[in-house]
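>>> give me a 3D structure for the following:
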Amino acid sequence: MRLNSYDEWSSLKEVIVGSATNYAARVRDLSFDMFISDNLTGARGYYPSIRTSRDGASAESPERVSFRQRLADELVEDVEGMAAALTSLGIKVLRPLEPEAVDRGVTTPAWSAPVTPPLNVRDNTLILGDEIIETPPMLRARYFETKFLAPVFQEYFLQGARWTTMPRPMLTDHSFDPGNVVNAAPNIEVPLTPRPSRYDVGLEMLIDGANALRFGRDLIVNVSNANHALAVDWLERHLEGRFRVHRMDRLTQSHIDSVIVALRPGLLLLRSEGVREYLPEALRSWDVIVAPTPALEDYPQYENGDPIPPSPYIDLNLLSIDEETVMVNDACKTLIRTLEDHKLTVVPVRHRHRRLFGGGFHCFTLDTVRAGGAEDYLG
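As a prediction, this is how the structure comes out:
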């Protein structure tokens, strides 16, 4: 089919599902700290794949390595199970290339980093109608991640899609807005000290596709720092006359798809009632389902005592199959009951370690063909 995806809820026809194969160890650098800074407090070791030094050195015990590998293997199982579930629903599932088992890393004139597999494919691409827009990455380990999607993008291009890449950042330490820390939650840790580089160009546009939600001709985008603001400036100029861009000021540190979920025209799922005040005026009149507080039993507990990120709302990161049907983590019983009480059909699918590796069903997918068009939902 030709590329056609304008919203988050109309009937899903084709979708890219990410891959967790060969999940590499991450080096904790400034780009990583800036990205998850509001989730770092007291959780230095919560990602089972994080190394804690700039040079990638690791002092992990054999038991720790074995534990980390088991979790990574289970993540692969769950992602593949999600792909199979979508296929069983009659949806065409497309897959990215996979990185090699031996990680050669990413090297630029300014820095190097290990390669992260194309798992959260929502993050580095925006699909707006018939256009693919590769967004400027915020994490060095993901700098070339969209290249794993190149065969899929190439096929859509050959069928008539537009294919655009936003300016690629140098991504030195001084590319990041230091106000990202000042404006974030008060309990964050201070990121690693920025280092000067001969390749510094000043603040650069950096943003993820998951900072945005699509409503036909309208795009709402979370802007929490100067990097986001520059990127949205670019989007506004590029999309002028075709789409309207609405900025939300510091709704959250970055991604909004575990804060606001557009279930169908006139109905939103929100993390809390307070989210409503951040929305464009036209969305404030829509009906709202306020997410229930997740229960402790909704999440796995880990025998080695590893801490987990503070936010328990990752399971709001669900995927709409159509206006009446949503794919939800099968462990999140409180959310499933709430959605069913509102007459939505829930497709439960397993995803065990989402609060360790991050990401949910919306993150793991990039919907390329939906039935909806360029409707005017926000007036």
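
>>> could you list the buried residues of the lengthiest helix in the chain?
The single longest helix within the chain, with elements called by DSSP state H, is helix 62-88. Residues of helix 62-88 classed as buried by neighbour count (16 or more other CB atoms under 10 Å): 67-68, 71-72, 74-76, 78-79, 82-83, 85-86. All C-beta atoms are positioned from the backbone trio N, CA, C, and that covers glycine.

>>> pLDDT averaged over that helix - what is it?
The predicted model gives helix 62-88 an average pLDDT of 89.

>>> so what does the helix or strand just after it touch, helix or strand wise?
Once helix 62-88 ends, the next helix or strand along the chain (criterion: DSSP states H and E) is strand 92-94. Counting contacts by 3 or more CB pairs under 8 Å, 6 or more residues apart in numbering; DSSP states H and E, strand 92-94 packs against strand 12-17, helix 62-88.

>>> after strand 92-94 comes which helix or strand?
Assignment by DSSP H and E places the next element after strand 92-94 at strand 106-107.

>>> give me the contact list for that following strand.
Applying CB atoms under 8 Å, 6 or more residues apart in numbering, the external contacts of strand 106-107 come out as 112-115, 140-141, 143-144.

>>> then stretch 80-89 to CSV, C-alphas only?
Backbone C-alpha positions of stretch 80-89 (Å, rounded to 0.1, in the frame of the first residue of the first chain) are rendered in CSV as follows:
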residue,chain,number,x,y,z
GLU,A,80,8.3,-11.0,18.5
GLY,A,81,5.1,-12.0,20.3
MET,A,82,3.7,-8.5,19.6
ALA,A,83,4.6,-8.7,15.9
ALA,A,84,2.8,-12.1,15.7
ALA,A,85,-0.3,-10.7,17.5
LEU,A,86,-0.5,-7.8,15.0
THR,A,87,-0.2,-10.2,12.1
SER,A,88,-3.0,-12.4,13.5
LEU,A,89,-5.2,-9.3,13.4
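
>>> from the chain's centroid, how far away is it?
Here stretch 80-89 shows a centroid-to-chain-centroid distance of 20 Å under the convention CA atoms, centre = their mean, to the nearest Å.

>>> contact partners for Tyr143?
By CB under 8 Å, 6+ apart, the residues touching Tyr143 are 106, 108, 113, 137, 168, 171.

>>> ok, 10 Å please
Shown in contact with Tyr143 (CB atoms under 10 Å, 6 or more residues apart in numbering): 31, 106-108, 111, 113, 115-116, 124, 136-137, 168-169, 171.

>>> the helices and strands packed on strand 92-94: which one's closest to Leu251?
In terms of CB to CB, the element of the helices and strands packed on strand 92-94 nearest to Leu251 is strand 12-17, at 25.3 Å.

>>> which helices and strands sit right next to that closest one?
Here strand 12-17 touches helix 62-88, strand 92-94, helix 150-158, strand 319-322, strand 365-370, going by 3 or more CB pairs under 10 Å, 6 or more residues apart in numbering; DSSP states H and E.

>>> low-confidence ranges, the stretch 151-300 of the chain, go.
Scanning the stretch 151-300 of the chain for pLDDT under 70 picks out 181-192.

>>> residue ranges for the helices of it, please.
Ranges of helices within the stretch 151-300 of the chain are 179-182, 226-239, based on DSSP state H, counting those that start in this stretch.
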